[in-house]
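Engineer: Okay, sequence plus prediction incoming.
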Amino acid sequence: MMAKDCLPLIDLTRKQTSSTISSAQAALRQFGVFRVVAPQLTRGLSQSVFQNAREFFNVPIEVKEKTNGYSGFDTELIRGKTPIPKETICYKKSVENYHSRSLPSGLQYSVEELQHEWANMRSPLFDTLSTILDSTEPLIGTPSLDYEPLGVNFYDSDRLGSDRVFFSPAHMDSSIVTILIRATEERDGLEIADLSTTDKLDSESIGLTASFISVPAMPDEVIVMAGSRLQRLLGKSKVRACVHRVRSPTQTSNRCIANERLSLAIFCGSSMK
Ligand SMILES: O=C(O)CCC(=O)C(=O)O
Ligand SMILES: [Fe+2]
């Protein structure tokens, strides 16, 4: 099954047709994902974030460890136990209150530019999401829902060792939705679970039992993944939290994939920690 055939592509600048709405409803039940046209995020802006982030991830570990929001290789855990073989720099900001952190200035500047552009997309996206899900629940507009950490992830297969298959093991995010932008195009190892292929409910068992489909990064598109908070809010008959994982390039049939991988995730309505 091809991602582009089962994950509808939504253009937020247009009024949604009833057929787009029904295919988005189906995709949110089966995968917890849809795609959104967003060249304003994927072109220059995110490339500049990735370029600055790459420079940051290459500085000595002693410097990175002193930077607010940095998590080192294997220090973040999935479900409190499985280490994730990635490094992350997380930029935390609530929509109303601006707290700048001590990121390197080039990275901070490019992240802020991207957030500024994302801010223009936020209302159209959530309006569309409410239409698709026929929801009267506020999905944004309260301080707890408007908290939006942004993480830039860096994966390096040279550090993975031969026994580890995944850059990121199967998990769901705890957000309302996560906007995911990737640095390279085409197959970059991202896979999502087809939730109709399992009756399991937790991400670990889903990871072990479900079929997964590969989701290539397409030019000018981002993906929007439902998080567990959205599933809780609206019920799992309407929307399922997306269970996703990232296969390492050495484990992917397409050997052209670079050994380094960068991605950027905006966790909308994630709970404040
Ligand atoms: O790197 C990716 O494509 C996925 C990242 C992810 O799942 C996360 O940061 O929660
Ligand atoms: Fe995730």
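Structural biologist: Sure, I can see it. Ligands and ions are numbered 1, 2, ... in the order given.

Engineer: Please enumerate the helices of the stretch 101-250 of the chain.
Structural biologist: 105-133, 203-209, 228-234 (DSSP state H, counting those that start in this stretch).

Engineer: what about the last one, near ligand 1?
Structural biologist: No - against ligand 1, helix 228-234 shows no contacts by Cβ under 6 Å from any ligand atom, the least distance being 11.7 Å. In short, each C-beta sits where N, CA and C put it, glycine included.

Engineer: Who are the packing partners of that helix?
Structural biologist: The helices and strands touching helix 228-234, judged by 3 or more Cβ pairs under 8 Å, 6 or more residues apart in numbering; DSSP states H and E, number zero.

Engineer: Touching it from outside, list them.
Structural biologist: 32, 133, 135, 137, 139, 172-177, 239-241, 269-271 (Cβ atoms under 8 Å, 6 or more residues apart in numbering).

Engineer: Please list the residues of the stretch 151-273 of the chain that sit near ligand 1.
Structural biologist: Close to ligand 1, as judged by Cβ under 6 Å from any ligand atom, the stretch 151-273 of the chain has residues 151, 153, 168, 173, 180, 182, 190, 244, 246, 263, 265.

Engineer: What about these, which are in strands?
Structural biologist: Using DSSP state E, 151, 153, 168, 180, 182, 190, 244, 246, 263, 265 are the members of these that sit in strands.

Engineer: Just send the residues you listed back as TSV, with neighbour count too.
Structural biologist: Listed next are those as TSV, based on neighbours: other Cβ atoms under 10 Å:
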residue	neighbour count
G151	20
N153	25
S168	23
L180	22
R182	26
L190	23
H244	26
V246	23
S263	26
A265	22
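
Engineer: Closest to S211 out of these?
Structural biologist: Within those, the smallest distance to S211 is 13.4 Å, found for H244 (Cβ to Cβ).

Engineer: Do you know the pLDDT at the closest one?
Structural biologist: For H244, the model assigns a pLDDT of 98.

Engineer: ok, now R164?
Structural biologist: Looking at R164, the pLDDT reads 83.

Engineer: Same question for T250.
Structural biologist: 64.

Engineer: thinking again about what came up before, between the residues of the stretch 151-273 of the chain next to ligand 1, which has the least confident prediction?
Structural biologist: Minimum pLDDT for these is recorded at S168 (90).

Engineer: Provide a list of residues in contact with that one.
Structural biologist: 78, 84, 86, 153, 155, 244-246.

Engineer: SS state for the residue of the chain positioned farthest from its centre?
Structural biologist: Distance from the C-alpha centroid of the chain peaks at E62, with 27.6 Å (Cα atoms, centre = their mean). Classification of E62 using DSSP: H, G, I helix; E, B strand; the rest coil returns helix.

Engineer: ok, now which ones touch the closest residue to ligand 1 within the chain?
Structural biologist: Going by Cβ to the nearest ligand atom, ligand 1 is nearest to S263 of the chain, at 3.3 Å. Residues near S263 by Cβ under 8 Å, 6+ apart: 152-153, 180-183, 188, 246.

Engineer: ok, of these, which one's closest to K200?
Structural biologist: Among those, V246 lies closest to K200 (Cβ to Cβ), at 20.1 Å.

Engineer: just checking, the closest one touches G189?
Structural biologist: Yes - proximity of V246 to G189 meets the contact threshold set by Cβ atoms under 8 Å, at 4.8 Å.
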